[in-house]
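Colleague: here are the coordinates; sequence isn't available:
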């Protein structure tokens with residue numbers, strides 16, 4: 001089992017930037033991909049971005065393409081989400097997730113079996 005811990009959330013004005021981190025501990029050698037999801041009040045959980053842990057693939061939801069960048073530090077077992085040009089509609093609780101070996105990379109929550117507690121991101125105008 002992988003334990004995930006997010007950090008880096010906070011409040012920022014529209015147009016600003018934040019960098020989220022997700023540190024993985026436990027059986028970190030036993031996952032295929034990591035991803036960021038977000039959930040705004042009253043809305044369903046939404047896939048934001050994902051990255052293969054050992055491969056080159058990265059995927060993003062359309063609304064964040066060109067603004068957000070997902071990356072990883074394999075030595076530190078950490079995945080990052082650099083968020084630039086933030087908009088009010090980016091306000092949400094952001095959670096990271098890890099998928100098991102042999103899994104896939106994509107927007108379905110069913111691909112991931114470990115989840116962090118989440119970190120709040122609030123963007124004001």
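Modeller: Happy to help now that I have it. Quick caveat, the model's predicted, so the values are computed rather than measured.
Colleague: hang on, isn't residue 58 packed against residue 70?
Modeller: Yes: counting by CB atoms under 8 Å, residue 58 touches residue 70, with 5.6 Å between them. (C-beta placed from N, C-alpha, C; glycine too.)
Colleague: who has more neighbours, those two?
Modeller: Neighbour count, other CB atoms under 10 Å: between residue 58 and residue 70, residue 70 has more, with 22 against 16.
Colleague: Residue 122 versus the residue nearest the centre of the chain, what's the distance?
Modeller: Among the residues of the chain, the one closest to the centroid is residue 36, at 2.0 Å (CA atoms, centre = their mean). Distance check for residue 36 against residue 122: by CB to CB, to the nearest Å, it reads 16 Å.
Colleague: what's the pLDDT at the nearest residue to residue 82 once chain neighbours are set aside?
Modeller: Spatial nearest neighbour of residue 82, chain neighbours left out: residue 69 (4.5 Å); criterion: CB to CB, 6 or more residues apart in numbering. Here, the pLDDT recorded for residue 69 equals 98.
Colleague: And for residue 69, the neighbour number?
Modeller: Residue 69, neighbours per other CB under 10 Å, totals 17.
Colleague: hang on, it packs against residue 81?
Modeller: Yes: if you go by CB under 8 Å, residue 69 and residue 81 touch, sitting 7.4 Å apart.
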